[in-house]
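1. Sharing a model that was predicted from the sequence below.
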Number of protein chains: 2
Amino acid sequence: MTNWTMARRAEKMNPSVIREILKVTEKPGIISFAGGLPSPKTFPVEAMLEATQQVLTHDGRASLQYAASEGYGPLREWVAHDLLKQGMQVSPDQVLITTGSQQGLDLVAKILIDADSRILVETPTYLGALQAFTPMEPRVVSVDSDDSGVLAEDLRAKAGQGGDRARFVYLLPNFQNPTGRTMTEARRAAVAAVAAEAGLPIIEDNPYGDLWFDSAPPPSLASRHPDGTVYLGSFSKILAPGLRLGYLVAPRALYPKLLQAKQAADLHTPSFNQRIVSEVLKNGFIDRHVPTIRALYKQQCEAMLAALDHEMAGLDFSFNRPAGGMFLWARLPEGVDAVGLLPKAVDKNVAFVPGAAFYADHADPRTLRLSFVTASVDQINTGVAALAQAIRAYRG
Amino acid sequence: MTNWTMARRAEKMNPSVIREILKVTEKPGIISFAGGLPSPKTFPVEAMLEATQQVLTHDGRASLQYAASEGYGPLREWVAHDLLKQGMQVSPDQVLITTGSQQGLDLVAKILIDADSRILVETPTYLGALQAFTPMEPRVVSVDSDDSGVLAEDLRAKAGQGGDRARFVYLLPNFQNPTGRTMTEARRAAVAAVAAEAGLPIIEDNPYGDLWFDSAPPPSLASRHPDGTVYLGSFSKILAPGLRLGYLVAPRALYPKLLQAKQAADLHTPSFNQRIVSEVLKNGFIDRHVPTIRALYKQQCEAMLAALDHEMAGLDFSFNRPAGGMFLWARLPEGVDAVGLLPKAVDKNVAFVPGAAFYADHADPRTLRLSFVTASVDQINTGVAALAQAIRAYRG
């Protein structure tokens, strides 16, 4: 009998709560507001095809060979230049290309979390980040939040000092997953000031920042506090997630350790994907492409808001109005529990994610996340009507 | 001042010794026997081009979307079927597609290594595995080896039992990196028997197994001891490493934890790459393609052996004669240290990797690894002659 003794950290890994919950939603023909998937309509298939031909024809062998762990030079340069629009002045040397920004979270966890060290997160927060951090066995502490993100005072109170200082606070300032909320300019200033004062590192995750509807969000936390922030970016929402292409920007004090962790994790991100995307990005492609995503998502968000206004009238159902991104956040009437509601909603052919999945602790069982980007406007109308019916039926 | 408190494991990560050593070899025009890079001549650029067009044209949006952490179904099926030739009967459900087989090592480390737990490795062993294991802070114990791989008796002696049982032994039975050696049939039987008896898990890494010259190596350890082995495979050496595509095959007792670790690490391996490779693999492509790699590498290996026979005559320089793979292993004359020799060899325009880089402990300073796959036959002749000159000059 082979004795597979698991590491202690393996015991702490559990099947994704979302995955388990969403199994119930895998039903043909269901209208899903549950997924975190970008609309495939936005994927630049034509541009990918052209770029791939170009790369394989002119640069084929290099694109198929092993490459540097830091990433492909021209892509790192593109990222550094693109970040100017976030108010960030970074050198390409500070950019590390990752296999999706999820890997950035894994690398950060590896080099900054010891067993039992404290880390701070928003309430609620991105589930994938909790999954990336958990194997390294931190104590996860939630910082109180309002519609503008974490509260600076609570952040200060929980930052700690000396040996008890939290290792970092993980923040998603733009169109947050799951809530869709955005940190205001004033809140960013307050949070950056608290972090600087307390010597508290920030991990800033920004996969959705480019998906604004009417105006760009305020400059990043990293632009305000560059030496104290690791910034994570992604091509998943502005090009396509199936490429698994993201990046991190790290202060020089941290970069070498992140690079060593990257090298140990998978040697490097596929050179093939990096060169193709670098080719796609030539000649300002993003500046033409991203506005089409924004317009589509804005239209779909407006459709969902209008449907909610209409269908939820008279129900004690509240929801926010995101200024960009992919998600909105809602709260069910008193006595209606999102996990309990889900199978009944699925019976009526509509799915969502119960908000409880996104809390490190003290979940609000009445909350839920709705994605407005995958379903069409017609499906949104039908799905929201079905959701309202399910709520009414649940309340009896 | 931001207080970047590093995790204890980050302190243990160090710049790759090979990387640092090889900086000296980054010189234009140098003949390098140092790299672990497959010959780019073998990359199937045309087939990739056709497959990419096919996938993007017919399956574009799915190939660019998020996908299951387990990997793309048809690719998992291909792997399960391909492993029949290793004598392995596995279900596609046991196959997990990884971002290169390096990631398989990272996932194994995460779920099987606690701080201070013992793991066993060959002497010498693959440096990238040591780098993947080290962050999880194991005590790495070398098992004595001869030309046929680890010694079964020493493995038994070091396996331990109860709470002191080693978490696993990491083995590379075919055309090992760095030595090029292959574990004999008898040794495989003995090693599998010891592992089964001691309840010692095996991590079997097989990136080079398909690159045999005259006959296939004996069946895998996993085929002899399926419930006690995690098997790692790779497309890097039979297609192209820039795709970062590998896989692991795990016993059912272990698969769910490896899957959770995979999901946390990077969600999934690029769907784009998986679908393209799955397309390339249709209609028996590998059976036509791999023999061309074998023929090329065999020819280059023979050229290097002939050059060594000729140029090293009269020097106390020994080397083995691999039956496949990419590397051979050599030992310098008494008094010649490989690290000391390297800069002098580089002065003469030839590079190699000192063997010391591949030992967990008790390195033999006279050893070196020579790759015969990247340089051409002409370069091999010139390079080996230059190496012999450098050795003669070093000895004075």
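-> Thanks, I have it. Numbers count the residues shown, from 1 in each chain, chains lettered A, B, ... in the order given.
2. And the strands in the stretch 201-350 of chain A, which stretches?
-> Under the criterion DSSP state E, counting those that start in this stretch, the stretch 201-350 of chain A contains strands at A:202-205, A:229-234, A:246-249, A:318-319, A:327-331, A:350-351.
3. now those in TSV, with mean pLDDT?
-> Putting the strands of the stretch 201-350 of chain A into TSV (pLDDT from 0 to 100) gives the following:
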stretch	mean pLDDT
strand A:202-205	98
strand A:229-234	98
strand A:246-249	98
strand A:318-319	98
strand A:327-331	98
strand A:350-351	96
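4. Mean neighbour count added to the ones you listed, as TSV?
-> C-beta here means a position set from N, CA and C on the backbone, and glycine is covered the same way. Listed next are those as TSV, based on neighbours: other C-beta atoms under 10 Å in any protein chain shown:
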stretch	mean neighbour count
strand A:202-205	27
strand A:229-234	27
strand A:246-249	27
strand A:318-319	16
strand A:327-331	22
strand A:350-351	26
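5. Mind putting those strands into CSV with distance to B:Val194?
-> Formatted as CSV, those follow (distance: least, C-beta to C-beta, whole Å):
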stretch, distance to B:Val194
strand A:202-205, 45
strand A:229-234, 45
strand A:246-249, 43
strand A:318-319, 62
strand A:327-331, 54
strand A:350-351, 51
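6. For those, give me a markdown table that also has distance to chain B.
-> Formatted as a markdown table, the strands of the stretch 201-350 of chain A follow (distance: least, C-beta to the nearest C-beta, whole Å):
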| stretch | distance to chain B |
| --- | --- |
| strand A:202-205 | 8 |
| strand A:229-234 | 8 |
| strand A:246-249 | 9 |
| strand A:318-319 | 25 |
| strand A:327-331 | 15 |
| strand A:350-351 | 16 |
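7. Quick check: A:Arg395 touching A:Leu332?
-> No - using C-beta atoms under 8 Å, A:Arg395 is not in contact with A:Leu332, being 9.4 Å away.
8. Looking at these two now, which is surrounded by more residues?
-> A:Leu332 (26 against 14; other C-beta atoms under 10 Å in any protein chain shown).
9. The more buried one: what's its closest spatial neighbour, skipping adjacent residues?
-> In this structure, A:Leu332 finds its nearest non-sequential neighbour in A:Arg366, 4.4 Å apart by C-beta to C-beta, 6 or more residues apart in numbering or on different chains.
10. Same question for A:Ala190.
-> That would be A:Ala152: by C-beta to C-beta, 6+ apart, it lies 3.8 Å from A:Ala190.
11. Check the gap between that neighbour and chain B for me.
-> 17 Å (C-beta to the nearest C-beta, to the nearest Å).
12. before we move on, what about A:Lys344?
-> Look at A:Lys344 and chain B: by C-beta to the nearest C-beta, they are 27 Å apart.
13. show me the contacts for that residue.
-> With contacts defined as C-beta atoms under 8 Å, 6 or more residues apart in numbering or on different chains, the neighbours of A:Lys344 are A:Ala390, A:Ala393, A:Tyr394.
14. just A:Ser69 next, same as before
-> A:Leu96, A:Leu259, A:Lys262, A:Gln263, A:Leu267, A:His268.
15. can we see that at 6 Å?
-> In this structure, A:Ser69 makes contact with A:Leu259, A:Lys262, A:Gln263, A:His268, judged by C-beta atoms under 6 Å, 6 or more residues apart in numbering or on different chains.
16. Not counting residues beside it along the chain, what's closest to the third one?
-> Closest residue to A:Gln263 in three dimensions, ignoring its sequence neighbours and counting by C-beta to C-beta, 6+ apart: A:Ser69, at 4.3 Å.
17. Can you report phi and psi for the one you found?
-> When read as degrees, to the nearest 10, the backbone of A:Ser69 gives phi -60, psi -30.
18. do the one 3 residues further on as well
-> When read as degrees, to the nearest 10, the backbone of A:Tyr72 gives phi -80, psi 120.
19. Thought A:Asn273 was touching it, still the case?
-> No - with contact defined as C-beta atoms under 6 Å, A:Tyr72 does not reach A:Asn273; the gap is 9.2 Å.
20. Among these two, which residue is more densely surrounded?
-> When A:Tyr72 and A:Asn273 are compared for neighbours, A:Asn273 comes out ahead with 27 against 22, by other C-beta under 10 Å.
21. Give me the nearest residue to the more buried one, chain neighbours excluded.
-> Nearest to A:Asn273 is A:Leu243, by C-beta to C-beta, 6+ apart, at 5.0 Å.
22. Show the model's pLDDT score for the one you found.
-> We have a pLDDT of 97 for A:Leu243.
23. do you know how far it is from A:Ala62?
-> To A:Ala62, A:Leu243 is 18 Å away according to C-beta to C-beta, to the nearest Å.
24. Same question for A:Gln299.
-> Counting by C-beta to C-beta, the gap from A:Gln299 to A:Ala62 is 41 Å.
25. Quick check: chain neighbours aside, which residue is closest to A:Leu171?
-> A:Glu204 (5.6 Å).
26. beta partners for that neighbour?
-> A:Leu171, A:Tyr231 (DSSP bridges).
27. Give the burial count for A:Thr57, as a bare number.
-> The number of residues near A:Thr57, taken as other C-beta under 10 Å, comes to 10.
28. how close does it sit to chain B?
-> When A:Thr57 is compared with chain B (using C-beta to the nearest C-beta), they lie 7 Å apart.
29. other SSEs contacting the host helix or strand of that residue?
-> Using DSSP states H and E, the element containing A:Thr57 is helix A:45-64. Packing partners of helix A:45-64 (3 or more C-beta pairs under 6 Å, 6 or more residues apart in numbering or on different chains; DSSP states H and E): helix A:271-280, helix B:45-64.
30. Of the ones you listed, which is nearest B:Glu137?
-> helix A:271-280 (30.7 Å; C-beta to C-beta).
31. Could you list every helix and strand in contact with the closest one?
-> Against helix A:271-280 (3+ C-beta pairs under 6 Å, 6+ apart) you get helix A:45-64, helix A:73-82.
32. Reformat these as TSV; add mean pLDDT.
-> Listed next are the helices and strands packed on helix A:271-280 as TSV, based on pLDDT from 0 to 100:
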stretch	mean pLDDT
helix A:45-64	96
helix A:73-82	98
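33. Could I get the full set of helices for chain A?
-> Here chain A has its helices, by DSSP state H, at A:8-12, A:17-22, A:45-64, A:73-82, A:101-112, A:127-133, A:152-159, A:185-198, A:221-224, A:255-266, A:271-280, A:285-311, A:338-347, A:377-395.
34. Which one of those lies nearest to B:Ala195?
-> helix A:8-12 (20.6 Å).
35. which residues touch that closest one?
-> By C-beta under 6 Å, 6+ apart, helix A:8-12 touches A:Thr134, A:Pro135, A:Glu137, B:Ile111, B:Asp114, B:Lys257.
36. how about these in CSV, adding pLDDT and distance to A:Gly87?
-> Output for those, formatted as CSV (pLDDT from 0 to 100; distance: C-beta to C-beta, whole Å):
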residue, pLDDT, distance to A:Gly87
A:Thr134, 93, 32
A:Pro135, 93, 33
A:Glu137, 94, 35
B:Ile111, 97, 41
B:Asp114, 95, 43
B:Lys257, 96, 42
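37. Against A:Ile111, how distant is the closest residue in space to A:Leu105 that isn't next to it in sequence?
-> Among residues not flanking A:Leu105 along the chain, A:Ala132 sits closest, at 3.7 Å (C-beta to C-beta, 6+ apart). Distance of A:Ala132 to A:Ile111, given as C-beta to C-beta: 12 Å.
38. Now do the closest residue in space to A:Lys27 that isn't next to it in sequence: how many residues are near it, please.
-> Counting by C-beta to C-beta, 6+ apart, A:Lys27 lies nearest to A:Val346, which is 6.3 Å off, once chain neighbours are set aside. A:Val346: 21 surrounding residues under other C-beta under 10 Å.
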